[in-house]
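> what follows is a predicted structure for the sequence shown.
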Protein chains: 6
Amino acid sequence: MPIIHVELLEGRTVDQKREFADMVTREGARILRCAPGDFNVVFVPVSRDDWATAGKLESDPK
Amino acid sequence: MPIIHVELLEGRTVDQKREFADMVTREGARILRCAPGDFNVVFVPVSRDDWATAGKLESDPK
Amino acid sequence: MPIIHVELLEGRTVDQKREFADMVTREGARILRCAPGDFNVVFVPVSRDDWATAGKLESDPK
Amino acid sequence: MPIIHVELLEGRTVDQKREFADMVTREGARILRCAPGDFNVVFVPVSRDDWATAGKLESDPK
Amino acid sequence: MPIIHVELLEGRTVDQKREFADMVTREGARILRCAPGDFNVVFVPVSRDDWATAGKLESDPK
Amino acid sequence: MPIIHVELLEGRTVDQKREFADMVTREGARILRCAPGDFNVVFVPVSRDDWATAGKLESDPK
């Protein structure tokens, strides 16, 4: 039943996503006392033009 | 006023989205007692590399 | 696998949520060609102080 | 710490996003009493096939 | 049509939300070339027990 | 910069949230090559009346 959304700048590999999803499901099931089968993990890759921190787009020079 | 987000694996046709949006707005307005004009429906197509259930990416062999 | 979020002003009854969840799962499974067992529907009740349309809080007089 | 998501039909320019992110961070920090450095702003561009208002896709003729 | 979600630690007043919603709708309409009537702004107050930055809950001593 | 949302049925303790936030930040930083200081983790506790799987509210008898 847990639904986990991971928003992050685009560019991560499928291997990184696979490892993260496996890790967060295994460790999350242990800590939160859920069945691993109940986890949905959704990655949301975000373009550097679409993310601003401290008011500056990530695609702009710092 | 209701805002409905529908996350689903990519690959649905425009016809499926049109039918779903029409259905959920009509039936939702009836059940929830809202004006149909107040509904926003947003589809969020997700790549099979970006969705994991039970710790496995949808793009991986089961 | 579809995940459906329904944000709406608070105050709907459990009966309305039950009927909506049943309807959207049944009709959604038919239109989107998914198994009903794969649907997660999450309601997000929002206080009238926390929703603004056209720049005005829903709790303010029109 | 505030996280601001802005869903909108695709097609805005990087200049519009830059100006919006700067504005909402500056004015938001003032109104909400937060440090500008604590703001994350994420734009979510949505295709006209993926957004329906009043039950009609934005890509359909009105 | 823009939908703006504002997640922030709970504790802001209705006056702060009113001022923020008015500001972001007016300035957003100008920058993004949308009608003010098309804006939905939803505040999502989050408890300090439910937000972690850098791996620490906001409710924990720094 | 990663923003992680964890939606789950209400009832987890602060200790479980603390352990989960610490774990996902540490392991996530390692796997995704981000600084731990860039992680935001937001828990979204959901009432059993507000979550349906397979068309049935979690608060209803199975």
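Yep, it's here.
> when you work out contacts or count neighbours from here on, use the C-alpha atoms and nothing else.
Noted.
> for chain A, what spans make up the strands?
In chain A, the segments counted as strands under DSSP state E are A:3-9, A:40-46, A:51-53, A:56-57.
> report pLDDT for the closest residue in space to residue A:26 that isn't next to it in sequence.
Excluding the flanking residues, the one nearest residue A:26 by CA to CA, 6 or more residues apart in numbering or on different chains is residue A:36, at 6.4 Å. If you check residue A:36, the pLDDT there is 97.
> can I assume residue A:36 is in contact with residue B:55?
Yes - the criterion here is CA atoms under 8 Å, and residue A:36 meets it with residue B:55 at 7.0 Å.
> quickly list what's touching both of these two.
Contact criterion CA atoms under 8 Å, 6 or more residues apart in numbering or on different chains; residues shared by residue A:36 and residue B:55: A:25-26.
> count of neighbours near the residue nearest to residue A:26?
20 (other CA atoms under 10 Å in any protein chain shown).
> next one: the one 3 residues further on
Using other CA under 10 Å, residue A:39 has 24 neighbouring residues.
> do the same with residue A:22
Neighbour tally, residue A:22, other CA under 10 Å: 20.
> what sits against it?
B:55-56.
> what does chain A put close to chain D?
Proximity of chain A to chain D, by CA under 8 Å from any CA of the partner chain, involves residues A:46, A:49-57.
> run the last query once more with 10 Å
A:7, A:44, A:46-60 (CA under 10 Å from any CA of the partner chain).
> which ChimeraX command selects the buried ones in the residues you listed?
The following ChimeraX line selects those of the residues of chain A next to chain D that are buried, judged by 16 or more other CA atoms under 10 Å in any protein chain shown:
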select /A:7,44,46,47,49,50,51,52,53,54,55,56,57,58
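> so which of the residues of chain A next to chain D reach chain B?
residue A:44.
> could you give me the average pLDDT of stretch A:52-62?
Mean predicted confidence for stretch A:52-62 is 95.
> when you scan it, is anything in it near chain E?
No - Stretch A:52-62 stays clear of chain E (CA under 10 Å from any CA), getting no nearer than 14.2 Å.
> what lies in contact with that stretch?
A:9, A:47-51, D:3-4, D:14-15, D:17-26, D:29, D:35-43, F:1 (CA atoms under 10 Å, 6 or more residues apart in numbering or on different chains).
> repeat for stretch A:28-40
A:1-5, A:21-27, B:51-57, C:1, C:3, C:40, F:7-8, F:11-13, F:15-21, F:23-24.
> gap between the two ends of that stretch?
11 Å (CA to CA, to the nearest Å).
> pull out the buried positions in that stretch.
For stretch A:28-40, by 16+ other CA under 10 Å, it's A:28-29, A:31-32, A:34, A:36, A:39-40.
> quick check: end-to-end length of stretch A:41-57?
Across stretch A:41-57, the terminal residues are separated by 26 Å (CA to CA).
> can you tell me how far the closest residue to residue A:10 other than its chain neighbours is from chain D?
The shortest distance from residue A:10 to any non-neighbouring residue, by CA to CA, 6+ apart, is to residue A:45 (4.5 Å). Separation of residue A:45 from chain D (CA to the nearest CA, to the nearest Å) stands at 10 Å.
> residue A:9 now?
Distance from residue A:9 to chain D, by CA to the nearest CA: 10 Å.
> count of neighbours near that residue?
18.
> report pLDDT for it.
Model confidence at residue A:9 (pLDDT) stands at 97.
> so who does it touch?
Counted by CA under 10 Å, 6+ apart, residue A:9 has contacts A:44-51, A:58, F:1-3.
> do that again at 8 Å, thanks
Here residue A:9 is in contact with A:45-48, A:51, F:1-2 (CA under 8 Å, 6+ apart).
> bridging residues for it?
residue A:46 (DSSP bridges).
> distance of it relative to chain C?
22 Å.
> what do you get for residue A:17?
The value you get for residue A:17 to chain C, if CA to the nearest CA is used, is 18 Å.
> picking up where we left off before, determine which two of the buried residues of stretch A:28-40 are furthest apart.
A:31 and A:40 (15.8 Å; CA to CA).
> now the closest residue to residue A:12 other than its chain neighbours: how far from chain B?
Nearest non-adjacent residue to residue A:12, counting by CA to CA, 6+ apart: residue F:32, 7.0 Å away. Counting by CA to the nearest CA, the gap from residue F:32 to chain B is 14 Å.
> what subset of the contacts of stretch A:28-40 is buried?
Using 16+ other CA under 10 Å, the buried ones in those are A:1-5, A:21-27, B:51-57, C:1, C:3, C:40, F:7-8, F:17-21, F:23-24.
> noted, bye for now.
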